[in-house]
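Participant: Return a 3D structure for these sequence lines:
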Amino acid sequence: MGTDKKSISGIIEEIAISTDKLQQVYPNGKIAIIVELDNNSYAENQYNLGVLDNKSNQFKIDISDVEIIFIKENSIQQEIENKEKELVKQPEKKTFFKKISKIFLKKRS
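Facilitator: Numbers count the residues shown, from 1 in each chain. As a prediction, this is how the structure comes out:
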């Protein structure tokens, strides 16, 4: 038996039902849902939801004032690694700025 593929309208309907339930539980809260998908599922959802940006690691849709954020699998880990690389580079910048500020402070004294 083949896999039962759902239509895009069926998927959106199910997401809408879920968002409505969450809004009933948290009527005063702001709700955001993050869905992490493998590359194939991510690309399929991008296509089905009409998102044209193929280079992005995430996209979002809004249903009933609820943000549904779709992200590629491991994209959060990649983002963390990129931030760590930036932090490794920053001490050099901080040292440079500290030296410059000392020079300016000495000249003003």
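
Participant: all strands for this protein, in order.
Facilitator: 32-37, 58-63, 66-72 (DSSP state E).

Participant: Please list the outside residues in contact with the second one.
Facilitator: In other words, strand 58-63. 12, 15-16, 19, 46, 49, 51, 53, 67-72, 75 (Cβ atoms under 8 Å, 6 or more residues apart in numbering). In this view, the C-beta of every residue, glycine as well, is placed from N, C-alpha and C.

Participant: residue ranges with poor pLDDT in this structure?
Facilitator: Within the chain, the stretches with pLDDT under 70 are 1-6, 90-109.

Participant: Which segments of it make up each domain?
Facilitator: Per automatic domain parsing, the domain ranges recorded for the chain read 1-73, 74-109.

Participant: Tabulate those domains (TSV), appending mean neighbour count.
Facilitator: Output for the domains of the chain, formatted as TSV (neighbours: other Cβ atoms under 10 Å):
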stretch	mean neighbour count
domain 1-73	13
domain 74-109	10
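
Participant: residues making contact with stretch 38-45?
Facilitator: 37, 51, 54, 70-73.

Participant: try stretch 78-85
Facilitator: So stretch 78-85 is in contact with residue 57, going by Cβ under 8 Å, 6+ apart.
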